[in-house]
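Peer 1: From the sequence below, what's the structure:
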Amino acid sequence: MRLSKLFIATLTLLSAASSIAQEKSLLTGGKEWKVVKSEEAPPGTKLMFASDGKLTLTFAIDGKAKVITGSYSLTGNQLTMNLNHDGKQRVETRTIKKLTDSVLITEDKNKRVEELQR
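Peer 2: The predicted structure follows:
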């Protein structure tokens, strides 16, 4: 009986690891994401998630291009982004509500939804 419980636990861990790897693959995918709905991000904001955990955010304010770099991590459906901007660090965790190869929908702790597309 103990052996079957251990086997089931091992399969569960392998399945979770496979699911996280699949989600990270969908998130990175070698293409940038464009914000199509957000209460915070300026229109046209683009995000690029690299497979090495690096993150690049590109947007324009008053016609001037701005770039913010940082890192991200994915734990289950929690996307945590560490951004460095103007000498300040910002950490933001968002819950992934939907993730496909062309749509990413997240929600912050205040229930604000952000939608991105490829």
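Peer 1: So residue 24 belongs to a strand, correct?
Peer 2: No: remark: residue 24 does not belong to a strand; assigned using DSSP: H, G, I helix; E, B strand; the rest coil, it is helix.
Peer 1: and the residue lying closest to it once chain neighbours are set aside, what are its bridge partners?
Peer 2: When the adjacent residues along the chain are set aside, residue 24 lies closest to residue 74, with 5.4 Å between them (Cβ to Cβ, 6 or more residues apart in numbering). All C-beta spots, glycine's among them, are computed from the backbone N, C-alpha and C. On the basis of DSSP bridges, residue 74 is bridged to residue 79.
Peer 1: Same check on the one 10 residues further on?
Peer 2: Counting by DSSP bridges, residue 84 is bridged to residue 69, residue 89.
Peer 1: quick one: contacts for it?
Peer 2: Listed by Cβ atoms under 8 Å, 6 or more residues apart in numbering, the contact partners of residue 84 are 68-70.
Peer 1: Of those residues, grab the buried ones for ChimeraX.
Peer 2: Applying 16 or more other Cβ atoms under 10 Å to those leaves a buried subset, and the ChimeraX line that selects it is:
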select :68,70
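Peer 1: residues in contact with stretch 87-107?
Peer 2: 23, 26-27, 29, 33, 77-83, 108-109, 113-118.
Peer 1: Separate out the buried members of those residues.
Peer 2: 23, 26-27, 33, 77, 79, 81, 83, 114-116.
Peer 1: what's the lowest-pLDDT member of these?
Peer 2: pLDDT across these is lowest for residue 23, at 68.
Peer 1: now residue 115, nearest residue through space, not along the chain?
Peer 2: residue 37 (3.9 Å).
Peer 1: right, and the one you found touches residue 112 too?
Peer 2: No: counting by Cβ atoms under 8 Å, residue 112 is not a contact partner of residue 37; they are 10.1 Å apart.
Peer 1: What ranges does this structure have for its strands?
Peer 2: 33-37, 46-49, 54-61, 64-75, 78-85, 88-99, 103-107, 113-117 (DSSP state E).
Peer 1: so who does the most centrally placed residue in the chain touch?
Peer 2: By Cα atoms, centre = their mean, the chain has its centre lying nearest to residue 79, at 4.6 Å. Taking Cβ under 8 Å, 6+ apart, we find residue 79 in contact with 27, 72-73, 93-96, 106.
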